[in-house]
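Chemist: Quick one: sequence and predicted model below, then my questions.
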Amino acid sequence: MTIFRLISFVSGSSITLSSTTALFGAVACTYRAIPIEEDQSRLVVKLLLPAPPWPARLDHKSGPPGRRLAHDAQAAADTQGMC
């Protein structure tokens, strides 16, 4: 069983991994250590995730929960003649 595949490794600098799962699909992750001072560094992580299918991105109900609630409340008000 393979959890991830090593794509790139630069000693003391970065490592890039990829994986394909049923839940997330194909994903990639790069960890990069950027030196700040002699005894400090910053760890930066970059994730590459697949975009959702087009219908999900265009669907007005795929927005944040607050936006969905506002839209549903407006729709209910419209059907009841309140607006």
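Modeler: Now that the structure is in, tell me what you want to look at.

Chemist: mind listing what Val10 touches?
Modeler: Residues near Val10 by Cβ atoms under 8 Å, 6 or more residues apart in numbering: none. Placement of C-beta: from N, CA and C, glycine included.

Chemist: Now Glu38, what are its backbone angles?
Modeler: Main-chain dihedrals, Glu38, degrees, to the nearest 10: phi -60, psi -40.

Chemist: State the distance from it to Gly12.
Modeler: Note on Glu38: its distance to Gly12, by Cβ to Cβ, to the nearest Å, is 14 Å.

Chemist: Could I get the average pLDDT for stretch 46-53?
Modeler: Stretch 46-53 shows a mean pLDDT of 81.

Chemist: List the neighbours of it that are in contact with it.
Modeler: Taking Cβ under 8 Å, 6+ apart as the rule, stretch 46-53 contacts Phe24, Gly25, Ala26, Val27, Ala28, Cys29, Thr30, Arg32, Arg57, Ser62.

Chemist: and the closest residue to the second one other than its chain neighbours, helix, strand or coil?
Modeler: Nearest residue to Gly25, sequence neighbours excluded (Cβ to Cβ, 6 or more residues apart in numbering): Pro50, at 4.5 Å. Three states are possible here, and by DSSP: H, G, I helix; E, B strand; the rest coil the one that applies to Pro50 is coil.

Chemist: From Tyr31, how far off is Pro50?
Modeler: Distance from Pro50 to Tyr31, by Cβ to Cβ: 20 Å.
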